[in-house]
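Colleague: model the structure of this input:
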Amino acid sequence: MTFRGKPVLVWSLNNYLGLANDPEIRKTDTEAAERWGMAYPMGARMMSGQTKYHEQLEQELADFVQKEDTFLLNYGYQGCMSAIEALVSRHDVIVYDSECHACMVDGVRLHQGKRFVFQHNDMESFEKMLKRAKKVTEETGGGILVLTEGVFGMAGDQGKIKEIVSFKREYGFRLLVDDAHGFGSIGKDGRGTGDFQGVQKDIDVYFGTFAKSMATIGAFVASEEHVIEFLRYNMRSQTFAKSLPMPVVIGALKRLEMIRTKPELQTRLWEIALALQNGLKEAGFDIGNTNSVVTPVFLKGSLGEATNVTLDLRETYGLFCSIVVYPVVPKDVIMLRLIPTVCHTMEDVRYTIESFSKMREKLKSGTYRAEKIANWA
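Modeller: Residues are numbered from 1 along each chain as shown. Sure, this is the predicted structure:
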């Protein structure tokens, strides 16, 4: 993209399959906008905002993620938060991973009952919290809702869904998985992390967003038919919100079709991702425990150095990537997050690793420290 008048190579866009600027997608979006405009349908889904196209998208999504039914949502963040709030009463208990996305945490905050957090992907900690939760529900008569992610969007590691599911029989909980980063990028034809781990059927409530692999706005929640019917009438953020505009719905139908029918997109995505990840490891970089296309790079340095690393990458090397610092990561840790896409090339990968190696040498030599920045600048 062009940033402040300069061309930069971007590694911070969640455009995994390259659909944002795909000619077929652009054509569909344009034709839908010409036919419908952005106004229609006017009104909420329960009132005058229901169309056959909304219903068609819901059915196709349900079939794709192997669930009975799906509810279409206007936004990912708001939708996930609202679904969690709707699914539990004050008698229920939520047990959730400490690294759950902010939208899930905000959903937990809306809960009027007990909530217990377990250490990230730590099954010993998870079972400990389950025991505490079961003790509460035995007194209240409520149930347990477990929350985790398919792919954790910062560090790129998958949630331990298969291990979590193994505790179901003993503790009798329901499982909600936010698979924002897994939908479209992992599993057979992009069916998600649950499919990849072989436990999609054991996920009680599956949440996906259009903002990543589909490169558009909106989201969905999929489950058993009676659960979705309940959510249609109890998710306040949707009940009282205008229906998703027609061009977005028609565009999402086309995007889902391309995900289903063009497996070469996912193949190409993983070619780029693995080339980037393997190249970084060979160059001596720490990329953590990622087992998705999300690619973190961990470095040692202060907050000030992190700022100057980002600036130098952008201004000197023409690389635009996201940076993560304390409190998301420990103090004196710098995390650069790279998002590979179908649009990247092997030359992009080579240049990025080469530039990162030069940046790392500057970081080690103290070039980015505040007392030296005047000379560096």
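Colleague: what stretches of the stretch 51-200 of the chain score poorly on pLDDT?
Modeller: Along the stretch 51-200 of the chain, no part satisfies pLDDT under 70.
Colleague: what about the helices in it?
Modeller: Listed in chain order, the helices of the stretch 51-200 of the chain (DSSP state H, counting those that start in this stretch) span 52-64, 76-87, 102-110, 123-140, 161-165, 168-171, 193-197.
Colleague: reformat those helices as TSV; add mean neighbour count.
Modeller: To be clear about C-beta, it is placed using only N, CA and C from the backbone, and glycine gets the same treatment. Putting those into TSV (neighbours: other CB atoms under 10 Å) gives the following:
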stretch	mean neighbour count
helix 52-64	17
helix 76-87	24
helix 102-110	18
helix 123-140	16
helix 161-165	20
helix 168-171	12
helix 193-197	25
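Colleague: looking at these, spot the one closest to Ser322.
Modeller: Shortest distance between Ser322 and the helices of the stretch 51-200 of the chain, using CB to CB, is found for helix 102-110: 15.1 Å.
Colleague: the closest one to helix 76-87, inter-axis angle?
Modeller: 30 degrees (axes from the mean of the first three to the mean of the last three CA atoms, to 10 degrees).
Colleague: packing partners for helix 102-110?
Modeller: Other elements packing on helix 102-110 under the criterion 3 or more CB pairs under 8 Å, 6 or more residues apart in numbering; DSSP states H and E are helix 76-87, strand 93-97, strand 144-149.
Colleague: try 6 Å this time
Modeller: helix 76-87 (3 or more CB pairs under 6 Å, 6 or more residues apart in numbering; DSSP states H and E).
Colleague: return the helix it packs on as PDB; C-alpha atoms alone will do.
Modeller: Output of helix 76-87 as PDB, limited to C-alpha atoms (Å, rounded to 0.1, in the frame of the first residue of the first chain):
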ATOM      1  CA  GLY A  76     -17.700 -10.000  14.700                       C
ATOM      2  CA  TYR A  77     -16.700  -8.200  17.900                       C
ATOM      3  CA  GLN A  78     -20.200  -7.200  18.900                       C
ATOM      4  CA  GLY A  79     -21.700 -10.500  17.700                       C
ATOM      5  CA  CYS A  80     -19.300 -12.800  19.700                       C
ATOM      6  CA  MET A  81     -19.700 -10.600  22.800                       C
ATOM      7  CA  SER A  82     -23.500 -10.700  22.500                       C
ATOM      8  CA  ALA A  83     -23.700 -14.400  21.800                       C
ATOM      9  CA  ILE A  84     -21.900 -15.200  25.100                       C
ATOM     10  CA  GLU A  85     -24.100 -12.800  27.100                       C
ATOM     11  CA  ALA A  86     -27.200 -14.400  25.600                       C
ATOM     12  CA  LEU A  87     -26.200 -18.000  26.300                       C
END
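Colleague: list of residues touching it?
Modeller: If you take CB atoms under 6 Å, 6 or more residues apart in numbering as the criterion, helix 76-87 is touched by 73, 103, 106-107, 110, 178, 207, 209, 211, 219, 221, 231, 234-235, 237.
Colleague: narrow those residues to those in strands?
Modeller: Among these, the members falling in strands (DSSP state E) are Leu73, Asp178, Phe207, Thr209, Ala219, Val221.
Colleague: please look at the first one and Ala219 and confirm they touch.
Modeller: Yes. At 4.2 Å, Leu73 and Ala219 qualify as touching, with contact defined as CB atoms under 6 Å.
Colleague: follow-up on the earlier one: reformat the ones in strands among the contacts of helix 76-87 as JSON lines; add neighbour count and distance to Ser166.
Modeller: What follows is the ones in strands among the contacts of helix 76-87, written out as JSON lines (neighbours: other CB atoms under 10 Å; distance: CB to CB, whole Å):
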{"residue": "Leu73", "neighbour count": "26", "distance to Ser166": "30"}
{"residue": "Asp178", "neighbour count": "33", "distance to Ser166": "20"}
{"residue": "Phe207", "neighbour count": "28", "distance to Ser166": "21"}
{"residue": "Thr209", "neighbour count": "26", "distance to Ser166": "27"}
{"residue": "Ala219", "neighbour count": "26", "distance to Ser166": "28"}
{"residue": "Val221", "neighbour count": "29", "distance to Ser166": "24"}
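Colleague: show me which of the residues you listed is closest to Ile94.
Modeller: Asp178 (13.3 Å).
Colleague: what's the burial count for the nearest residue to Asn121 once chain neighbours are set aside?
Modeller: In this structure, Asn121 finds its nearest non-sequential neighbour in Lys160, 5.0 Å apart by CB to CB, 6 or more residues apart in numbering. Neighbour count for Lys160, taken as other CB atoms under 10 Å: 17.
Colleague: correct me, but Lys160 touches His120?
Modeller: No. Counting by CB under 6 Å, Lys160 stays clear of His120, with 9.5 Å between them.
Colleague: any idea which of the helices of the stretch 51-200 of the chain gets closest to Val329?
Modeller: Among the helices of the stretch 51-200 of the chain, helix 102-110 comes nearest to Val329, with 15.3 Å by CB to CB.
Colleague: residues touching Lys134, list them.
Modeller: Going by CB under 6 Å, 6+ apart, Lys134 touches Tyr171.
Colleague: any idea how far Lys128 is from it?
Modeller: Per CB to CB, to the nearest Å, Lys134 is found 11 Å from Lys128.
Colleague: look up how far Lys67 lies from Arg268.
Modeller: In terms of CB to CB, Arg268 sits 28 Å off from Lys67.
Colleague: the two: which is more packed in?
Modeller: Set side by side, Arg268 and Lys67 show more neighbours around Lys67, with 23 against 18, by other CB under 10 Å.
Colleague: identify the residue spatially nearest to the more buried one, adjacent ones excluded.
Modeller: That would be Ala222: by CB to CB, 6+ apart, it lies 3.8 Å from Lys67.
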